[in-house]
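A.B. asks: Sequence and predicted structure below; questions after.
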Amino acid sequence: MILEASNLGWSVRRLRIVQGVDLSVREGETFGLVGPNGSGKSTLLRLLAGILKPTTGKVAVEGQPLSGLPRRLAAQKIAYLEQQADTGEAITVRDAVEIGRTPWLTPLQPWSDEDDRIVAGALADADLHGFESRFWATLSGGEKQRVHLARALAQRPRILLLDEPTNHLDVRHQLSMLDLVAALPVTSIIALHDLNQALACDRVGVMAGGRLVALGPPQEVLSVDRIAEVFGVRASIVVDPADGARIFRLDHLR
Ligand SMILES: Nc1ncnc2c1ncn2[C@@H]1O[C@H](COP(=O)(O)OP(=O)(O)OP(=O)(O)O)[C@@H](O)[C@H]1O
């Protein structure tokens with residue numbers, strides 16, 4: 001297992017925000033995390049990224065405790081794309097993406113042609129050709145989101161943790177973001193609100209009230225009954241006659 005959490009929990013002022021999460025993620029897997037607002041998805045991702053220190057339990061990356069890994073080493077293994085990261089710094093798109101290379105640079109291994117090549121590839125993968133010299137503050141929400149993705153890709157991590165990465169993106173960029181993540185030779189954990197997007201993941205975990213209440217293949221985990229119970233909505237499954245793909249139609253519970 002590339003990433004393992006056991007009895008993972010985080011509390012603030014005696015409030016249990018995440019509790020008792022046991023999770024093992026396989027190498028190369030695209031793992032979707034779904035759940036209502038406030039169910040603990042972002043907090044769980046921040047614990048897995050090592051940004052929050054667990055109140056209970058632990059996280060292991062490639063068998064090593066995350067808490068014992070030096071920050072630089074952890075950043076070589078894990079990239080985290082936050083939900084609403086912003087900066088007031090006057091930086092360009094290229095500067096922002098170059099930051100992704102930081103964990104790999106040392107005085108003995110300064111910036112090289114290989115770093116240039118990786119940054120160019122990340123910019124291209126995030127469809128940012130022509131944006132390199134634009135200032136961050138002038139970008140739209142979706143363009144900023146794509147720069148974050150490019151920065152995370154430039155980090156060349158083993159594990160990508162993405163918090164609602166399709167937020168702000170137009171439909172074409174939503175599709176290319178998810179296709180890109182699925183095609184990358186990395187392990188990804190993605191918090192998603194769109195249950196149809198979650199259907200495309202290898203496995204899905206469902207968060208409710210700070211707990212991981214279900215875990216498994218999307219078709220099993222995202223049952224009509226569970227969607228009603230966890231999200232309070234009525235799901236019906238519609239089959240596209242063109243290719244047999246199953247999609248959810250969602251409505252109020254009656
Ligand atoms: N530092 C904090 N202090 C108090 N409450 C917090 C803190 N951090 C998170 N919470 C609360 O913990 C709960 C879980 O938050 P979290 O952001 O993890 O949920 P989420 O599932 O990612 O939600 P969303 O879908 O809205 O992004 C929320 O009710 C939130 O208000």
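C.D. replies: Cool, got the structure.

A.B. asks: Helix, strand or coil: sort out the residue nearest the centre of the chain for me.
C.D. replies: Centroid-nearest residue in the chain: residue 162, 1.5 Å away (criterion: CA atoms, centre = their mean). Assigned with DSSP: H, G, I helix; E, B strand; the rest coil, residue 162 falls in the strand class.

A.B. asks: which residues sit against stretch 246-254?
C.D. replies: 195-196, 199, 219, 222, 227-228, 232-240 (CB atoms under 8 Å, 6 or more residues apart in numbering). C-beta: built from backbone N, CA, C; applies to glycine.

A.B. asks: Who wins on neighbours among these?
C.D. replies: Using other CB atoms under 10 Å as the neighbour criterion, residue 222 leads the contacts of stretch 246-254 with 26 neighbours.

A.B. asks: so how far is the first residue of stretch 81-97 from its last?
C.D. replies: 12 Å (CA to CA, to the nearest Å).

A.B. asks: can you list the residues of this protein near the ligand?
C.D. replies: 12, 17, 35, 37, 38, 39, 40, 41, 42, 43, 207 (CB under 6 Å from any ligand atom).

A.B. asks: of all the residues you listed, which two lie farthest apart?
C.D. replies: Maximum pairwise distance in the residues of the chain next to the ligand, criterion CB to CB, is 18.3 Å, between 12 and 35.

A.B. asks: So between the two, which is more surrounded?
C.D. replies: residue 35 (24 against 10).

A.B. asks: does that one really touch residue 226, like I thought?
C.D. replies: No. If you go by CB atoms under 8 Å, residue 35 and residue 226 don't touch, sitting 11.1 Å apart.

A.B. asks: what sits in contact with each of these two?
C.D. replies: In contact with both residue 35 and residue 226: residue 206, using CB under 8 Å, 6+ apart.

A.B. asks: Tell me the predicted confidence for residue 84.
C.D. replies: As predicted, residue 84 sits at a pLDDT of 74.

A.B. asks: Just the ones of the residues of the chain next to the ligand in strands?
C.D. replies: Among the residues of the chain next to the ligand, the residues falling in strands (DSSP state E) are 12, 17, 207.

A.B. asks: could those be laid out in a markdown table, adding pLDDT and distance to residue 3?
C.D. replies: Output for these, formatted as a markdown table (pLDDT from 0 to 100; distance: CB to CB, whole Å):
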| residue | pLDDT | distance to residue 3 |
| --- | --- | --- |
| 12 | 97 | 24 |
| 17 | 98 | 20 |
| 207 | 98 | 16 |
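
A.B. asks: What is the nearest of the residues you listed to residue 186?
C.D. replies: residue 207 (22.2 Å).

A.B. asks: since we're on the closest one, how many residues are nearby?
C.D. replies: 24.

A.B. asks: Hmm, residue 39 and it touching each other?
C.D. replies: Yes. Residue 207 is within contact range of residue 39, at 4.1 Å (criterion: CB under 8 Å).

A.B. asks: And the strands in this structure, which stretches?
C.D. replies: 3-12, 15-25, 30-34, 56-61, 64-65, 78-81, 159-163, 187-191, 203-208, 211-216, 233-239, 246-252.

A.B. asks: what packs against the longest one?
C.D. replies: Counting contacts by 3 or more CB pairs under 8 Å, 6 or more residues apart in numbering; DSSP states H and E, strand 15-25 packs against strand 3-12, helix 41-49, strand 56-61, strand 211-216.
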